[in-house]
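A.B. asks: Everything below, folded, please.
(chains A and B)
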Number of protein chains: 2
Amino acid sequence: MPVPNPSSQIPPHSRDFATVLELLKPGMRALDAVLREQVAHFEPEVRDLALYCLESTGKRLRPLLVFFAGWSGGSEPAPLLVRAAAVVEMTHLATLVHDDIMDHAALRRGRATVSAKDGPDVAVLLGDALFAQAMWLSTQFPTTEVCSSVAVATRQVCTGEIVQTLGGPVAAPSRERYRRIIDLKTAELFHVSCRLGARLGGGAADFVEAAGRFGRRLGIAYQIYDDLTDFVGTAEGAGKTLGTDWASGKMTLPVLCLLERSEPAEAERLLALLRGGAETAGAALTARMRAAGVFQAVGREAHAEIAAARAELTPWAAVPATAMLGELAAYLEGQLDRLLAAS
Amino acid sequence: MPVPNPSSQIPPHSRDFATVLELLKPGMRALDAVLREQVAHFEPEVRDLALYCLESTGKRLRPLLVFFAGWSGGSEPAPLLVRAAAVVEMTHLATLVHDDIMDHAALRRGRATVSAKDGPDVAVLLGDALFAQAMWLSTQFPTTEVCSSVAVATRQVCTGEIVQTLGGPVAAPSRERYRRIIDLKTAELFHVSCRLGARLGGGAADFVEAAGRFGRRLGIAYQIYDDLTDFVGTAEGAGKTLGTDWASGKMTLPVLCLLERSEPAEAERLLALLRGGAETAGAALTARMRAAGVFQAVGREAHAEIAAARAELTPWAAVPATAMLGELAAYLEGQLDRLLAAS
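C.D. replies: Purely as a prediction, here's the structure:
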């Protein structure tokens, strides 16, 4: 998005959200403590490696969803919410360790990836060990519900990545396929984060379901936003190298949208470029997208998803969690608008 | 070992064990059914891939441990035992999918590995998805116990592999280190398989612990046996290419034992060979080991572990499970003796 870590500097444009994040500081501190506690469970030889992954100063977006969906206004976070936030974050961090192997990524958030630093073999095993530890932590609840839902979400996240990988650049351009992939690889864990937060926060059964649907829609919007940042914005703002999705032949929404707005012959030429791994197409492509109105169109789709997410919570306006989730939706809307304004 | 699958042909030398395996046929059939049921949980696009891994005609050693440790003499297997057997087997299969990436293995049990067939990226993701599904299945019990213990064992299995990988061929020869690695990477899941079997079979608390210790000792013995098969026996019997551990610089017990029995200068030369990845050293090396009495010495150590495993169950002679676990110990003893006779 990138959502600022409560402990880091808040940019001036998000003053309101900064106030909201301030409320989460005790929760985020407790989350850090639980993540660090997990390191002690690893054998001495791998503790430094585990710590290296867990102390990632990432966006902590999934924990935010857990805390917001379970919000009840107290100043101290409920221990069960903190633990669930740690489970989803640790699961996410494990998948990132594996993603970096596949992307041959040297850096993540300015630090060497495990894959680059210790080799892909260690990265495969460490990702597995982190996920196993996340699963163990998920059993530290009175019932099997947390473990069960995070296990299913993880299977779906991996399935989304498999579907994306298997099709590769040769898959036929299809909005349905794109939607399906981002639903599996991103929206599923957003959904579970919100559901678990609402549930552990003591929400009514219907609110728990509504919060889950909010999470799914917001996850879709977030992934569309993230896919936009491959073409617009700055590498610094996005925290990644621009053009990598395009270079690896990913059929994201901006690409699909450009194909739809191109003459058949032109669309064929674009597809050939995409399939050939034409890394250098970046600058010219961005100009073409801009001229064809792709960014604004994609932005409208992301906005529509956020609106749909909000609508899920309309019947629950009186619940404190609704206001917090609404703030997050507003923050994403703001980030999206700023990105579009810069495009 | 290789323990014959109940459905496959039983060689004449193991007639007694064949009778025992006959008793397990309903359990193994039920296990197959549960594993196949899991495929339906995957999204349509990845079901064939999941099935390919789950229908592996492997040794099913860990399920055997679950069934034996939970044995109470009935003709139909208890559904909870079958489910636990499926959890440990599926977890094991997931780790094999990842092992094959690291070993650059083209074949496993005569079939192309996922890594060779669909590429390492798909193999990373599929291994993750299989483990996630195993974790989901482990939540289908009244308590979090199965999930919790399998998650811990998996973290330890991966840790054992990390310790082995990080040290690589340059690690100082150390029996302590070897023991630690095989305890983590093999004995841990044997331990949990026996513990869960005994527990779900309704065993007394003290028997559950004793069965766990039996499993750990048997796991150590099995790994020593497996490490021996890298140097003696036939590729067919071992179901793998001989000399691969040596070629990848693994400091296994036969190597450690040879180093101990060599003059310092000779030991240095051997270490240099091992560290250089001298694949061709196989035949000469085997002759040297034979001359130095390495195989018999290593065999004695494996036998001592099996005896120690048996001793754990001495106070539990009246429990039906003890007789079954004893049969498995006897089978491993027999396999070990045949291997040593052929060395």
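
A.B. asks: If I look at the residue of chain A positioned farthest from its centre, what pLDDT would I see?
C.D. replies: Among the C-alpha atoms of chain A, the one most distant from their mean position (CA atoms, centre = their mean) is that of A:Ala265, at 35.2 Å. pLDDT, A:Ala265: 96.

A.B. asks: and A:His104, how many neighbours?
C.D. replies: A:His104 has 11 neighbouring residues, counting by other CB atoms under 10 Å in any protein chain shown. In short, each C-beta sits where N, CA and C put it, glycine included.

A.B. asks: Just list the residues touching it, thanks.
C.D. replies: A:His104 is in contact with A:Ser115, counting by CB atoms under 8 Å, 6 or more residues apart in numbering or on different chains.

A.B. asks: next one: A:Leu285
C.D. replies: By CB under 8 Å, 6+ apart, the neighbours of A:Leu285 are A:231, A:246, A:258.

A.B. asks: Can I get the host helix or strand of it in PDB? Just the C-alpha atoms.
C.D. replies: A:Leu285 belongs to helix A:282-291 when assigned by DSSP states H and E. Output of helix A:282-291 as PDB, limited to C-alpha atoms (Å, rounded to 0.1, in the frame of the first residue of the first chain):
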ATOM      1  CA  GLY A 282       8.900  -0.700 -19.700                       C
ATOM      2  CA  ALA A 283       9.100   3.100 -20.600                       C
ATOM      3  CA  ALA A 284       7.400   2.900 -24.000                       C
ATOM      4  CA  LEU A 285       4.700   0.600 -22.600                       C
ATOM      5  CA  THR A 286       3.900   3.000 -19.700                       C
ATOM      6  CA  ALA A 287       3.500   5.800 -22.200                       C
ATOM      7  CA  ARG A 288       1.100   3.700 -24.300                       C
ATOM      8  CA  MET A 289      -0.900   2.700 -21.200                       C
ATOM      9  CA  ARG A 290      -1.100   6.400 -20.200                       C
ATOM     10  CA  ALA A 291      -2.300   7.400 -23.600                       C
END
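
A.B. asks: Just the buried positions in that helix, please.
C.D. replies: A:282, A:285-286, A:288-289 (16 or more other CB atoms under 10 Å in any protein chain shown).

A.B. asks: for the record, mean pLDDT for that helix?
C.D. replies: Here the average pLDDT along helix A:282-291 is 87.

A.B. asks: Are there helices or strands packed against whatever helix or strand comes next after that helix, and which ones?
C.D. replies: Sequence order places helix A:294-312 as the next helix or strand after helix A:282-291, per DSSP H and E. Helices and strands touching helix A:294-312, by 3 or more CB pairs under 8 Å, 6 or more residues apart in numbering or on different chains; DSSP states H and E, are helix A:205-228, helix A:253-260, helix A:320-341.

A.B. asks: could those helices go into TSV alongside mean neighbour count and mean pLDDT?
C.D. replies: Compiled in TSV, these are given as follows (neighbours: other CB atoms under 10 Å in any protein chain shown; pLDDT from 0 to 100):
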stretch	mean neighbour count	mean pLDDT
helix A:205-228	23	98
helix A:253-260	21	96
helix A:320-341	19	96
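
A.B. asks: For B:Gly127, find the nearest of these.
C.D. replies: Nearest of the helices and strands packed on helix A:294-312 to B:Gly127, taken as CB to CB: helix A:205-228 at 23.9 Å.

A.B. asks: so A:Cys53 makes contact with A:Leu93?
C.D. replies: Yes: between A:Cys53 and A:Leu93 a contact is recorded at 5.4 Å, counting by CB atoms under 8 Å.

A.B. asks: intersection of neighbour lists for these two?
C.D. replies: A:Leu130.

A.B. asks: who's in contact with the residue nearest the centre of chain A?
C.D. replies: In chain A, the residue lying closest to the centroid (CA atoms, centre = their mean) is A:Thr186, at 5.8 Å. A:Thr186 sits next to A:157, A:160, A:219-220, A:222-223, A:226 when contact means CB under 8 Å, 6+ apart.

A.B. asks: Check the offset of the host helix or strand of A:Arg199 from the chain's centre.
C.D. replies: Assigned by DSSP H and E, A:Arg199 falls within helix A:188-200. Here helix A:188-200 shows a centroid-to-chain-centroid distance of 14 Å under the convention CA atoms, centre = their mean, to the nearest Å.

A.B. asks: Show me what that helix packs onto, helices and strands only.
C.D. replies: helix A:61-69, helix A:79-102, helix A:145-167, helix A:205-228, helix A:320-341.

A.B. asks: Which of those sits closest to B:Thr165?
C.D. replies: helix A:79-102 (13.9 Å).

A.B. asks: Can I get that closest one as CSV, trimmed to CA atoms?
C.D. replies: Extracted in CSV, the C-alpha atoms of helix A:79-102 (Å, rounded to 0.1, in the frame of the first residue of the first chain):
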residue,chain,number,x,y,z
PRO,A,79,-3.6,-11.7,23.6
LEU,A,80,-5.6,-14.0,21.2
LEU,A,81,-5.7,-11.2,18.6
VAL,A,82,-2.0,-10.7,18.9
ARG,A,83,-1.3,-14.4,18.5
ALA,A,84,-3.6,-14.6,15.5
ALA,A,85,-1.8,-11.6,14.0
ALA,A,86,1.5,-13.3,14.5
VAL,A,87,0.2,-16.5,12.8
VAL,A,88,-0.9,-14.7,9.6
GLU,A,89,2.2,-12.5,9.5
MET,A,90,4.5,-15.5,10.0
THR,A,91,2.7,-17.5,7.4
HIS,A,92,3.0,-14.5,5.0
LEU,A,93,6.7,-14.1,5.7
ALA,A,94,7.3,-17.8,5.0
THR,A,95,5.6,-17.5,1.6
LEU,A,96,7.8,-14.4,0.9
VAL,A,97,11.0,-16.5,1.6
HIS,A,98,9.8,-18.9,-1.1
ASP,A,99,8.6,-16.2,-3.5
ASP,A,100,12.1,-14.7,-3.4
ILE,A,101,13.6,-18.0,-4.6
MET,A,102,11.2,-18.1,-7.6
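
A.B. asks: what comes into contact with the following helix or strand past it?
C.D. replies: Later in the chain than helix A:79-102, the nearest helix or strand by DSSP H and E is strand A:107-108. Outside strand A:107-108, the residues that touch it by CB under 8 Å, 6+ apart are A:56, A:96, A:100, A:113, A:116.

A.B. asks: Now tabulate these in CSV and tack on pLDDT and neighbour count.
C.D. replies: Shown next, in CSV, are the contacts of strand A:107-108 (pLDDT from 0 to 100; neighbours: other CB atoms under 10 Å in any protein chain shown):
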residue, pLDDT, neighbour count
A:Ser56, 80, 17
A:Leu96, 96, 19
A:Asp100, 93, 21
A:Thr113, 94, 23
A:Ala116, 95, 17
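
A.B. asks: I'm done for today, thanks for sticking with me.
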